[in-house]
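>>> could you look at this predicted model? Sequence included:
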Amino acid sequence: MSTLLDYKCPACNGRLEFDSASQKLKCPFCDSEYALSDFEGRDEKALDPGEAALSISWDTAGIDSFSGEEASQLTVFVCDSCGGEIVTDRTTGATSCPFCDSPVVVPRAFEGGLRPDSVIPFRLDKAAAKQAFSKHLQGKKLLPRVFRTQNHIDEIKGVYIPFWLFDCDVKADITYRATKEEEWKEDGFDCVDTSYFDVQRQGSISFAGVPVCGSTKVSPEMMESLEPYGMDEAQPFKSAYLAGYMADRYDIPLDSSLPRATARVKRSTEDAFASTLKDYRTKEATETSLDVTNARARYALFPVWLLNTTWRGNRYTFAMNGQTGKFVGDLPEDKSIASRWFWGLGHGLAAVIYVVSQVAYYL
């Protein structure tokens, strides 16, 4: 695995890795363990408090940049196949892209980049990701054989995915078109009487940490399906959390994430207010007015296990929430298996019909 920064074991000089079970840095060579606080001075020394804050359209939120000293220890591997940029330490000579498995061997200097405010550490290791993948395949009778073998399991990679987090307070005025229905039977017919209502709701609601994926290499729908993340476990960013993992570099600017954040806030507000309409059969928001205040943005890294594999020229991506274990991913169907299963079922039914007909004949 690639690392963001190279942390050396004081006992044997081996490369330390962040252990999700103990939440400490652990040496795989001598099994020594160290608290993250043992290396705290390294991050603080690298920070430059004079870096300019980032201005956003909602409000102003301070997001630090990597200082020159910290950036000098980083390099970026660029994938020619998917354009992915993987941030690693400068000692890494070669690796593979966690998004499409293509080899990436041409590093370039790390320049610029915002420093995350927080990181949710991995709670689950690769063994848990393998187990979740195997469970995901259970009961899938039409699954191609390549997905049932173990030849791709070891290619599961732990990646910290960049997210923009949005906090805000919302005052809302929403009008819903709602319906009530009355059903009865009359002269053998099923009758339904539908009544329509315009229902208004006003109120306030607050949001904290609305996530929007900051990477184009992964599907935003897939990342949203891995939610929720427990923000109570988010820690102030320390590069030691990334030891033994990869970190994706954000390529969706903060300003470009605002429309999706706004859409999520709007949809969540409408759903929350709609939940108060208890006595209606259906409800749909027709007019929504939102007044957003106290808005700010933050930058965070979320833990994700990724597995990519190909079948008949198509690439399939699976993902697991590295904190909760939630697993998602689409699976293909092998039409040849489906065909054999169909014809086997057909022949089996034909045999049963034949036996039944013979029995009936002799009876």
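Done, it's in.

>>> can we go C-alpha only for contacts and neighbour counts from here?
Fine.

>>> wait, what's in contact with Lys171?
Counting by CA atoms under 8 Å, 6 or more residues apart in numbering, Lys171 touches Gln202, Gly203, Ser204, Ile205, Leu290, Asp291, Val292.

>>> sec struct for it, please.
strand (DSSP: H, G, I helix; E, B strand; the rest coil).

>>> quick check: closest non-adjacent residue to it.
Take Lys171 and drop its neighbours on the chain: the residue closest to it by CA to CA, 6 or more residues apart in numbering is Ser204, 4.4 Å away.

>>> what does Asn294 give?
Excluding the flanking residues, the one nearest Asn294 by CA to CA, 6+ apart is Cys168, at 5.3 Å.

>>> correct me, but the one you found touches Leu290?
No. When contacts are counted by CA atoms under 8 Å, Cys168 is not listed as touching Leu290 (11.4 Å).

>>> those two - which one has more neighbours?
The neighbour comparison of Cys168 against Leu290 (other CA atoms under 10 Å) goes to Cys168, with 19 against 16.

>>> tell me how far that one lies from Ser204.
Distance, Cys168 to Ser204, by CA to CA, to the nearest Å: 11 Å.

>>> mind listing the shared neighbours of those two?
With CA under 8 Å, 6+ apart, Cys168 and Ser204 have no common neighbours.

>>> surely the residue nearest to Lys171 is in a strand?
Yes. Under three-state DSSP, Ser204 sits within a strand.

>>> which residues touch it?
Contacts for Ser204 (CA under 8 Å, 6+ apart) come out as Asp169, Val170, Lys171, Ala172.

>>> mind listing the strands the helix or strand harbouring the residue nearest to Asn294 pairs with, and their directions?
Cys168 is located in strand 157-186, with elements delineated by DSSP states H and E. Strand pairing for strand 157-186, determined by DSSP bridges: strand 189-213 (antiparallel), strand 246-248 (parallel), strand 282-311 (antiparallel).

>>> and this structure, what are its domain boundaries?
For the chain, automatic domain parsing gives the domain ranges 17-332, 333-363.

>>> mean pLDDT for those domains: which is lowest?
Here the domains of the chain differ in mean pLDDT, and the lowest is domain 333-363 at a mean of 50.

>>> what residues sit buried inside the strand holding Cys168?
In terms of neighbour count (16 or more other CA atoms under 10 Å), strand 157-186 has its buried residues at 157-179.

>>> ok so, going back, tell me how far the residue nearest to Lys171 lies from Glu287.
Where Glu287 is concerned, Ser204 sits at a distance of 16 Å (CA to CA).

>>> equivalent analysis for Phe197, please.
From Phe197 to Glu287 the distance is 14 Å (CA to CA).

>>> give me the common contacts of those two.
Shared contacts of Phe197 and Glu287 (CA under 8 Å, 6+ apart): Tyr176.

>>> helix, strand or coil for Val328?
At Val328 the chain is in strand, as set by three-state DSSP.

>>> neighbours of it, how many?
For Val328, the neighbour count with other CA under 10 Å is 18.

>>> which residues does it bridge with?
Ala319.

>>> what's near enough to touch it?
Contact analysis of Val328 by CA under 8 Å, 6+ apart lists Met222, Ser225, Leu226, Phe318, Ala319, Met320.

>>> let me know the closest of the residues you listed to Gly209.
Of all the contacts of Val328, Gly209 sits closest to Leu226, with 14.9 Å by CA to CA.

>>> Gly325 versus the closest one, what's the distance?
When Leu226 is compared with Gly325 (using CA to CA), they lie 9 Å apart.

>>> count the residues that sit near the closest residue to Ala35 other than its chain neighbours.
Once flanking residues are discounted, Ala35 sits nearest to Lys24: 5.1 Å by CA to CA, 6+ apart. Per other CA under 10 Å, the neighbour tally for Lys24 reads 19.

>>> I figured Lys24 hits Phe18, correct?
Yes. Counting by CA under 8 Å, Lys24 does reach Phe18; the two are 5.9 Å apart.

>>> let me see the contact set for Cys214.
For residue 214 the amino acid is Gly, not Cys. Ile161, Pro162, Phe163, Trp164, Tyr250, Asp251, Ile252, Pro253, Leu254, Ser257.

>>> check contacts around the fifth one.
Residues touching Tyr250, when contacts are defined by CA under 8 Å, 6+ apart, comprise Pro162, Phe163, Gly214, Ser215.

>>> so the second one bridges to which residues?
When bridges are assigned using DSSP bridges, the partners listed for Phe163 are Cys213, Ala300.

>>> isn't it right next to Val212, touching?
Yes. Contact criterion CA under 8 Å: Phe163 and Val212 qualify, at 5.5 Å.
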